[in-house]
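**Q** build me a model:
(one chain, ligands or ions: 1)
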Amino acid sequence: MKLIFLGAPGAGKGTQAEILSRLCGIPIISTGKILRDAIANGTPIGRRAKEYVDSGKLVPDDVIIGIIGERLTEADCKGGYILDGVPRTIPQAEAIEAGGIEIDCALSFEVEDAVIIDRMAGRRVCKKCSAPFHITAKPPKKEGVCDYCGGEVAARSDDDPETVKTRLKVYHEETEPLLEFYSRRGKLKTAENRPTVEETTAVIRGVLGI
Ligand code: AMP
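**A** The predicted structure follows:
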């Protein structure tokens, strides 16, 4: 199963990707995580991406297309994957298509901006394995410690309210056109937001028929 998770930052893509990845036994390919790791390791890609990620802007398409082209050829992608946060622009979607990849479904997470701004203030992430948490909706069992790998759980630097506003604006301008792109190809499905993580998972499983 090849899935694309589309939606604004903070819409719940990462949280639901974790759950579905475990459920279906397929990896999550998150360009945001790949970029954060590259920045932390000071690689050439990381150095090029840093100012974009820090300011909430999109990293140039050629960088992303290079990352994704390489990652999708790795062995663990053979049985399918969840693309979380990629593609984010029409050229990225076209490059994936041009690479001969046929996705099964682009799932759009529909959440209002006001809910997102509220939610992002409480968002936390494991610095080591990137597992997502939230101070009220999904707190780690032990404060500040990841349930899965024991890594440190903290706020992401680009989740501060000003950067979140930029990221939402970028989402509406550059990523939302992908809804029409996938709708025209008959691949678009929609997952409505629910108050809890579990209820939203149930909605997604219904939509995907799994
Ligand atoms: P995310 O973890 O998906 O919210 O991504 C964090 C940041 O990484 C974004 O705000 C962008 O700066 C950058 N980024 C991640 N994925 C992409 C992408 N597909 N295209 C461009 N920039 C990206």
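**Q** what helix or strand is whichever residue of the chain sits closest to the ligand located in?
**A** Per C-beta to the nearest ligand atom, the residue of the chain with the smallest distance to the ligand is residue 32, at 2.0 Å. Every residue, glycine included, has its C-beta placed from N, CA and C. Following DSSP states H and E, one finds residue 32 within helix 31-41.
**Q** one step back: with adjacent residues omitted, what lies nearest to the residue of the chain closest to the ligand?
**A** Nearest in space to residue 32, with sequence neighbours left out and distances taken as C-beta to C-beta, 6 or more residues apart in numbering, is residue 85 at 4.8 Å.
**Q** pretty sure that neighbour sits against residue 8.
**A** No: counting by C-beta atoms under 8 Å, residue 85 stays clear of residue 8, with 10.5 Å between them.
**Q** near the ligand, which residues of the protein are found?
**A** Residues of the chain lying near the ligand by C-beta under 6 Å from any ligand atom: 9, 31-32, 35, 52-53, 56-59, 64, 85-88, 92, 158, 167.
**Q** do you know how far the residue of the chain most remote from its centre is from residue 75?
**A** Distance from the C-alpha centroid of the chain peaks at residue 142, with 24.7 Å (C-alpha atoms, centre = their mean). Relative to residue 75, residue 142 is positioned 34 Å away (C-beta to C-beta, to the nearest Å).
**Q** would you list every one of the helices in the protein?
**A** 13-24, 31-41, 44-55, 61-71, 90-98, 113-121, 161-170, 177-184, 197-208 (DSSP state H).
**Q** lowest average pLDDT across those?
**A** If you rank these by mean pLDDT, helix 113-121 sits at the bottom with a mean of 90.
**Q** hmm, who's touching that one?
**A** 8-11, 111, 134, 137, 159, 161, 164-165, 168, 193 (C-beta atoms under 8 Å, 6 or more residues apart in numbering).
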